[in-house]
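Q: Next come a sequence and a model predicted from it.
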Amino acid sequence: MRRPLMLAAAGVCVFVIVAATMLKFLPQPHKESDYMVIGSVATLVALVVMFIVLISTSMRAKDVFFRRRKK
């Protein structure tokens, strides 16, 4: 129970960091489309980070993506 909660918290932290960074560096004033782009990019980065963490920690097998068929 503790591990999924920590992974979710890490994903939220990555999202917040990326969103705050993009809000700071995008020129003012922000439009509605700017907020949509910021949220989309932050979501993409958070999901990619979570994917990499899950693949590197819990699925250490060599055949995570490709498995040989039995003959």
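A: Good, I have the coordinates. Numbering: from 1, shown residues only.

Q: any idea how far R69 is from Y35?
A: 47 Å (C-beta to C-beta, to the nearest Å). Where C-beta positions appear, they are placed from N, C-alpha and C, glycine not excepted.

Q: out of the two, which sits in the busier spot?
A: Y35 (14 against 4; other C-beta atoms under 10 Å).

Q: Next, the contact list for the spatially most central residue of the chain, please.
A: Nearest to the geometric centre of the chain sits A46, at 1.7 Å (C-alpha atoms, centre = their mean). By C-beta atoms under 8 Å, 6 or more residues apart in numbering, the residues touching A46 are G11, V12, V14, F15, V18.

Q: how far away is it from K70?
A: In terms of C-beta to C-beta, A46 sits 37 Å off from K70.

Q: Centre of the chain to the longest helix anywhere in the chain, how far?
A: In the chain, ranked by residue count with DSSP state H as the criterion, the top helix is helix 32-57. With C-alpha atoms, centre = their mean, to the nearest Å as the basis, helix 32-57 stands 4 Å off its chain's centre.

Q: which intervals of the protein have sub-threshold pLDDT?
A: Applying pLDDT under 70 to the chain flags residues 58-67.

Q: Can you tell me the closest non-neighbouring residue to V45?
A: V18 (4.8 Å; C-beta to C-beta, 6 or more residues apart in numbering).
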